[in-house]
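Enquirer: All I have is the shape, not the residue letters:
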């Protein structure tokens, strides 16, 4: 089983992630002040040497001290150059990681439905073609399941589109929890969902579809609010390569045709009356 939607991190883990960069920032700040103090000390030594060195020291000691201070200034300059190089490397690495995270976020937005968190129509078609080619190359079976909520328009008409969106979000999570990690669950459009089941024969695909239909029909609480004690039903259509179709387009067409054939005898949307007493 899997959830294809993004799962938010728990609060303790999130707090730890926020605290770690704060602790890591303390060391560079302390190092910066050490470099400043060292540079100020070198400046004072050079100033004292230029003003008092010749009068206080002997000529030989004066030259030795001058050479030592020049060497110290050179070492400090090299240290600053090396530190600047490390800072540039750190900045480039941080920028590269930021671009990678941004790219990952854009990929997620491009291939996932924003409402349900499942894959979207575009990703479904791209993945269906690649899975079909793989199944044909290696002689595997491939099944497609189309799912549709019966009388969903009545939900929107009775409770409003915002409540309908909440219902679709809940449905997407429910479907994602009842497929394998190797399967692809997508929101095909509106109140339609689609599954790609690699290496799955027709009867196994029908069992997956029947399981999802059963789970949905037994659900009564759809996230609270207006959709409490509501009975929903979904219809499903299944098609399998190579028994039902010999191309990806025909496979999807056959699954869609089977879906609408199953909707003819589907029960309508209904809301059961609320009980008069509170159920404990």
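Expert: The structure has been received and is ready for your questions. Keep in mind that what you see is a predicted model, and the values were worked out from it rather than measured. Numbers count the residues shown, from 1 in each chain.

Enquirer: Where do the strands of the stretch 51-200 of the chain begin and end?
Expert: 142-149, 184-189, 192-198 (DSSP state E, counting those that start in this stretch).

Enquirer: and the longest one, what's its mean pLDDT?
Expert: Just to be clear, that refers to strand 142-149. Mean per-residue pLDDT for strand 142-149: 96.

Enquirer: and it, what does it pack onto?
Expert: Packing partners of strand 142-149 (3 or more C-beta pairs under 8 Å, 6 or more residues apart in numbering; DSSP states H and E): helix 121-138, strand 192-198, helix 202-218, strand 234-241, helix 248-262. Glycine gets a C-beta too; all of them are placed from N, C-alpha and C.

Enquirer: Partner strands of that strand, with direction?
Expert: strand 192-198 (antiparallel), strand 234-241 (antiparallel) (DSSP bridges).

Enquirer: I'd like the ones you listed written out as JSON lines, with mean neighbour count added.
Expert: Converted to JSON lines, the strands paired with strand 142-149 look like this (neighbours: other C-beta atoms under 10 Å):
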{"stretch": "strand 192-198", "mean neighbour count": "24"}
{"stretch": "strand 234-241", "mean neighbour count": "23"}
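
Enquirer: To residue 262, which of those strands lies closest?
Expert: Residue 262 lies closest to strand 234-241 among the strands paired with strand 142-149, at 4.5 Å (C-beta to C-beta).

Enquirer: low pLDDT regions in the stretch 101-250 of the chain?
Expert: Residues of the stretch 101-250 of the chain that meet the criterion pLDDT under 70 lie in 108, 223-228.

Enquirer: Out of the strands paired with strand 142-149, which is closest to residue 97?
Expert: strand 192-198 (32.5 Å).
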